[in-house]
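Visitor: Using only what follows, build the 3D model:
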Amino acid sequence: MNCTRVQDSFIDYQDGSLPADESAALRAHLASCPTCQREWAALQEMTRKLDALPAAEPGPRLRENFYAMLETHQRAVDAPSPFALARGRIDRFFAALLPAQPALQFAFSLALLLGGLLAGQHYLAPKAVVAVPDESAKAELAALKAQVNSMGQLVTYSLLQQQSTGDRLQTVLAKMDLKTPDRKVLTDLVGALAFDPSINVRLSAVEALAQHADDSLVRAGVLSVLTRERAPLVQVAMIELLAGARDPAAQPVFEKLSRDEAADKNVRDAARRALAVLRLPAPPAATLPQNVHPALT
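Guide: Residues are numbered from 1 along each chain as shown. Predicted coordinates for the structure are as follows:
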């Protein structure tokens, strides 16, 4: 086994899911390779730090306010978002369009980036015979800029896969400590949640994003990733984040997961609990302390 394959197998080896013959080959390589020994030690250190993180505790008034909310607000189930169907179709379209392999993501994103730039030069070039209204030109330029930024993010995520698991985990943990992250930091965390091959990195990204679940960008990104995630641990963590944020747009996804017999039992149970939370009356804006969200019980 070469170093790249050994390091890519660290997570499976740590979880005990690596086949016996590959585990033996990994141990043999690890015994004689200083580089892989350092990467393995870094992964173990990051895992130890994650395990040592204190569990989040609800505020002292959370239970009191919760029961007060139940007594004073009894109303019908929140209506599903009128944009839920369109959002689901868009998510399915991009899930089918974007390849799963990092190398193909990188090539695909570069091709789209170049195509967008060429299209912009062709269609947005000034023409003497056509007068384009200022507002229309501004809208087209904004759309092109958004496309270029999106392609740039895909390139960033693809290049990120070239780093070791320990380095990527360290990056997420560093962003977890930021109290007021900017849009780029939140977008990078959503990107790690969507594209990183390591379950540990994705779980850490969910934990970091949970601190900012009141941000619509965070909720929309997590909901989009939830529809394509296949690891039960990560799915449950994302369900709990969206339920704690009481995002009504997540209700159709929770209903689908709760009825999906192919899904893991823990995921189905988490989706049912989340639906129960969404069906509760929403608390008044001043009831809960800032940045505190009801947790699944």
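Visitor: Would you list the phi and psi of residue 178?
Guide: phi -80, psi 130 (degrees, to the nearest 10).
Visitor: contacting residues for it?
Guide: Neighbour list for residue 178: residue 185 [criterion: CB atoms under 8 Å, 6 or more residues apart in numbering]. (C-beta placed from N, C-alpha, C; glycine too.)
Visitor: please renumber so the chain begins at 27
Guide: With 27 as the first residue, the last one maps to residue 204.
Visitor: Next, work out how far apart it and residue 252 are.
Guide: Distance of residue 204 to residue 252, given as CB to CB, to the nearest Å: 23 Å.
Visitor: got it, and residue 237?
Guide: In terms of CB to CB, residue 237 sits 18 Å off from residue 252.
Visitor: okay, those two: which has more neighbours?
Guide: A count of neighbours by other CB atoms under 10 Å puts residue 252 above the other of residue 237 and residue 252, at 23 against 18.
Visitor: so how many other residues sit close to residue 282?
Guide: Quick note: residue 282 (other CB under 10 Å) scores 13 neighbours.
Visitor: any idea which element it lies in?
Guide: Using DSSP states H and E, residue 282 sits within helix 277-285.
Visitor: Which secondary structure elements does the very next helix or strand once past that helix sit against?
Guide: Next in sequence after helix 277-285, counting helices and strands by DSSP H and E, comes helix 291-304. If contacts are counted by 3 or more CB pairs under 8 Å, 6 or more residues apart in numbering; DSSP states H and E, helix 291-304 sits against helix 258-270, helix 277-285.
Visitor: angle of the first one against helix 277-285?
Guide: Helix 258-270 runs at 140 degrees relative to helix 277-285, counting by axes from the mean of the first three to the mean of the last three CA atoms, to 10 degrees.
Visitor: list the helices and strands helix 258-270 packs on?
Guide: By 3+ CB pairs under 8 Å, 6+ apart, helix 258-270 packs against helix 225-236, helix 242-252, helix 277-285, helix 291-304.
Visitor: Of the helices and strands packed on helix 291-304, flag the one that's most buried.
Guide: Each of the helices and strands packed on helix 291-304 was given a mean neighbour count from mean count of other CB atoms under 10 Å, and the largest, a mean of 22, is that of helix 258-270.
Visitor: Of the helices and strands packed on helix 291-304, give the one that comes closest to residue 303.
Guide: The closest of the helices and strands packed on helix 291-304 to residue 303 is helix 258-270. By CB to CB, the value is 4.6 Å.
Visitor: Which residues does that closest one contact?
Guide: Contacts for helix 258-270 (CB under 8 Å, 6+ apart): 219, 225, 228-229, 232-233, 235-236, 239, 245, 248-249, 251-252, 255, 276, 280, 283, 289-290, 292-293, 296-297, 299-300, 303-304, 319-322.
Visitor: Buried subset of the residues you listed, written for PyMOL?
Guide: Per 16 or more other CB atoms under 10 Å, the buried members of the contacts of helix 258-270 correspond to this PyMOL selection:
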select buried, resi 219+228+229+232+233+235+236+239+245+248+249+251+252+255+276+280+283+289+290+293+296+297+299+300+303+304+319+320
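Visitor: Just the buried positions in stretch 221-231, please.
Guide: Quick answer for stretch 221-231 (16+ other CB under 10 Å): 221-222, 224, 226-231.
Visitor: same deal with stretch 34-42?
Guide: Residues of stretch 34-42 classed as buried by neighbour count (16+ other CB under 10 Å): 34-37, 39.
Visitor: One more: stretch 60-68?
Guide: 62, 65-66, 68.
Visitor: What does the pLDDT read for the spatially closest residue to residue 36 that is not a sequence neighbour?
Guide: With sequence-adjacent residues excluded and distances taken as CB to CB, 6 or more residues apart in numbering, residue 36 is closest to residue 69, at 5.5 Å. Residue 69 is assigned a pLDDT of 87 by the prediction.
Visitor: got it, and residue 177?
Guide: pLDDT at residue 177 comes out at 47.
Visitor: Kindly report the same for the one 5 residues further on.
Guide: Turning to residue 182, the model gives it a pLDDT of 52.
Visitor: so where's the stretch 77-226 of the chain uncertain?
Guide: For the stretch 77-226 of the chain, residues meeting the criterion pLDDT under 70 lie at 81-93, 96, 99-160, 162-189.
Visitor: C-alpha coordinates for stretch 268-282, CSV please?
Guide: Output of stretch 268-282 as CSV, limited to C-alpha atoms (Å, rounded to 0.1, in the frame of the first residue of the first chain):
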residue,chain,number,x,y,z
LEU,A,268,-32.6,21.6,11.6
ALA,A,269,-35.2,20.5,14.2
GLY,A,270,-33.5,22.6,16.9
ALA,A,271,-33.7,25.6,14.5
ARG,A,272,-37.4,24.8,13.8
ASP,A,273,-36.9,25.2,10.1
PRO,A,274,-40.3,24.5,8.4
ALA,A,275,-38.6,23.9,5.0
ALA,A,276,-37.2,20.7,6.5
GLN,A,277,-40.6,19.1,7.1
PRO,A,278,-41.0,17.4,3.7
VAL,A,279,-37.5,15.9,4.0
PHE,A,280,-38.2,14.7,7.5
GLU,A,281,-41.4,13.1,6.4
LYS,A,282,-39.7,11.3,3.5
